[in-house]
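> Quick one: sequence plus predicted model below, questions after.
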Amino acid sequence: MKVTFAHMGNLYITVRALLEDLGAEVVVPPMPSKRTLSIGSRHSPEFACLPLKVNIGNYIEAMELGADTIAMAGGVGPCRFGLYGEVQKEILTALGYKFEMIIVEPPQGRLRHVLQQVGRLVGRNPVGRYVRAARLAWAKMTAVDELERLAQAARPFEGHRGAATAALASALELVDDAGSPARVKRALEEGREVLRAAREPGGGNSDPPRIGIVGEVYVVLEPFVNCEVERRLGEMGVLVERSIYIGDWVREHLLKDVLRLRKGRRPYELAKPYLCHFVGGHGVETVGSTVEYARQRFDGVIQLAPFTCMPEIVAQDVLPAVSRDLGIPVMTLVFDEHSSDAGVITRLEAFVDMVERSRRRRASRG
Ligand code: SF4
């Protein structure tokens, strides 16, 4: 059994560590590329969400490398995510691929159920091995999040363009190669060092504009589909923060679900005056996080959404009211298979320019 899964940013580092440590043979698909998107778009319904199309491309590219089992997260809720697994299975089967698809449904308090589904991927393992694998995966996941945050903080001050991104890539490689939590810790220390070295003392604007990124989790986390918004903003001298990191997502949507713990209410509380119903995906979080960034006096917010994403369309509808009430500029970028780097760069430059002007206006008013 050769297991594969879809990409979502650097999540592959954590998932590979977990599955391999539990004894599975893993085929990580090639990083998403134009080829991936073109294969996925060709074989998916036109109005399917962009993540589904890229996932199809990932699976086909992984099966070309010998994968025969697909692990996929299931979902519940008003948006289409809950149907993804079945739709993807139908598409790939109709194309003639022979594979098994294992959909790991949200735990909803049933740890045994999750272990059974993971067990289908990795075979039987003693509990101790699960604990060891989970510790390694956890160490890698938190290290990746920290390194990504450090890269975001370093980019506006980097010595030369691309230094922080190159440092991040080498730090992630060290974490990916580490075979134990102790080695991950050492890799993280080295990673911190290279990212620190990427910053030039006194380099960049000493008070860069701050922009928060909110939106649908896949598009926010996967740089290929968002045309590398985060890197591009950083290299324009912007201090970027995003509302979702892999660790937060796993804690909120997996761990708390397994343990039946109450999920963080803050984004819901903050969103309440504008959106008081769960709309699926991250719609409410998008609104709540925008309010949070406004309160933290960020200079702007960019919402990232896949074309036809229902929860983000709802959020996009109420964001102008948030922007008006709280005085924070908000821009929405919608991505599909026709999105281009050039179009995104133009819109980012215009937004950063506008944010800079409104900062100067605010500063001159005292
Ligand atoms: S959150 Fe949006 S992009 Fe994701 S599955 Fe739901 S509708 Fe599609």
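Okay, I see it.

> what pLDDT, on average, does the lengthiest helix in the chain get?
Taking DSSP state H as the criterion, the chain has its longest helix at helix 127-154. Per-residue pLDDT over helix 127-154 has a mean of 95.

> Now do stretch 182-196: everything it contacts.
Contacting residues not belonging to stretch 182-196 are listed as 136, 139-140, 143, 146-147, 150-151, 154, 164, 167-168, 170-172, 174-175, 177-178 [Cβ atoms under 8 Å, 6 or more residues apart in numbering]. C-betas here are computed from N, CA, C, even on glycine.

> how about a cut-off of 7 Å?
Where contact means Cβ atoms under 7 Å, 6 or more residues apart in numbering, the residues beyond stretch 182-196 that reach it are 139-140, 143, 146-147, 150-151, 154, 164, 167-168, 170-171, 174-175, 178.

> What of stretch 47-56?
Applying Cβ under 7 Å, 6+ apart, the set of residues contacting stretch 47-56 is 6, 32, 36-37, 40-41, 43-44, 80, 84, 87-88, 91, 218, 225, 306-309, 335-337.

> Please check those residues and keep the buried ones.
By neighbour count, with 16 or more other Cβ atoms under 10 Å, the contacts of stretch 47-56 hold 6, 32, 36-37, 40-41, 43-44, 80, 84, 87-88, 91, 218, 225, 306-307, 309, 335-337 as buried.

> Which ones among the residues you listed lie within strands?
306, 335 (DSSP state E).

> Now residue 179: closest residue in space that isn't a chain neighbour?
residue 136 (7.8 Å; Cβ to Cβ, 6 or more residues apart in numbering).

> quick one: contacts for the one you found?
So residue 136 contacts 17, 21, 180, 181 (Cβ under 7 Å, 6+ apart).

> just residue 311 next, same as before
Counting by Cβ under 7 Å, 6+ apart, the residues that residue 311 touches are 79, 279, 280, 281, 282, 283.

> for the third one, helix, strand, or coil?
What that stands for is residue 280. coil (DSSP: H, G, I helix; E, B strand; the rest coil).

> For it, list the residues it contacts.
By Cβ under 7 Å, 6+ apart, the neighbours of residue 280 are 77, 78, 79, 310, 311.

> swap the cut-off to 8 Å and go again
77, 78, 79, 81, 310, 311.

> Most neighbours of all these, which one?
For the contacts of residue 280, the largest number of neighbours (other Cβ atoms under 10 Å) sits with residue 311, at 25 neighbours.

> Is the ligand within reach of the helix or strand hosting that one?
For residue 311, the host element (DSSP states H and E) is helix 310-326. Yes. Using Cβ under 6 Å from any ligand atom, helix 310-326 reaches the ligand at 310, 311.

> What are the buried residues along that helix?
310, 311, 312, 314, 315, 316, 318, 319, 322, 323.

> of the residues you listed, closest to residue 211?
residue 323 (13.3 Å; Cβ to Cβ).

> returning to that earlier point: quick check: the residue nearest to residue 179 vs residue 20, distance?
Distance of residue 136 to residue 20, given as Cβ to Cβ, to the nearest Å: 9 Å.

> repeat for residue 180
Distance from residue 180 to residue 20, by Cβ to Cβ: 13 Å.

> Neighbour count: those two, which is higher?
residue 20 (17 against 13).

> what sits opposite the residue nearest to that one when sequence neighbours are not counted in the beta ladder?
Setting aside the residues directly before and after it, residue 20 is nearest to residue 26 in space (Cβ to Cβ, 6+ apart), at 5.4 Å. With DSSP bridges as the criterion, residue 26 is bridged to residue 3.

> neighbours around residue 26, how many?
Counted with other Cβ under 10 Å, residues neighbouring residue 26 total 22.

> and what of residue 104?
Number of residues near residue 104 (other Cβ under 10 Å) recorded here: 19.

> Which residues of the chain lie near the ligand?
Residues of the chain lying near the ligand (Cβ under 6 Å from any ligand atom): 49, 51, 79, 80, 81, 216, 280, 281, 306, 309, 310, 311.

> rewinding a little: pLDDT (mean, whole number) over the helix holding residue 311?
Mean predicted lDDT for helix 310-326 stands at 96.

> low-scoring stretches of the protein, by residue?
107-109, 257-264, 366 (pLDDT under 70).

> how about 80 then?
74-78, 105-115, 201-205, 252-264, 365-366 (pLDDT under 80).

> Strands of this structure, start to end?
In the chain, the segments counted as strands under DSSP E are 2-4, 25-26, 69-73, 100-104, 210-215, 239-242, 300-306, 330-335.

> which strands and helices sit next to the first one?
Contact partners of strand 2-4 among helices and strands, from 3 or more Cβ pairs under 8 Å, 6 or more residues apart in numbering; DSSP states H and E: strand 25-26, helix 50-64, strand 69-73.

> tell me the most buried of the ones you listed?
helix 50-64 (a mean of 24; mean count of other Cβ atoms under 10 Å).

> Next, the angle strand 300-306 makes with that one.
60 degrees (axes from the mean of the first three to the mean of the last three Cα atoms, to 10 degrees).

> Could you shift the numbering so residue one becomes 291, and keep it that way?
Okay, using 291 as the starting number, the last item reads as helix 340-354.

> Distance from the chain centre to helix 340-354, please.
Relative to its chain's centre, helix 340-354 lies at 17 Å (Cα atoms, centre = their mean, to the nearest Å).

> Could you report the neighbour count for residue 324?
10.

> how's the protein carved up into domains?
Per automatic domain parsing, the structural domains of the chain span 292-415, 417-495, 498-656.

> Compute the distance from the centre of the last one to the centre of its chain.
Here the centre of mass of C-alpha atoms in domain 498-656, compared against the chain's by Cα atoms, centre = their mean, lies 12 Å away.
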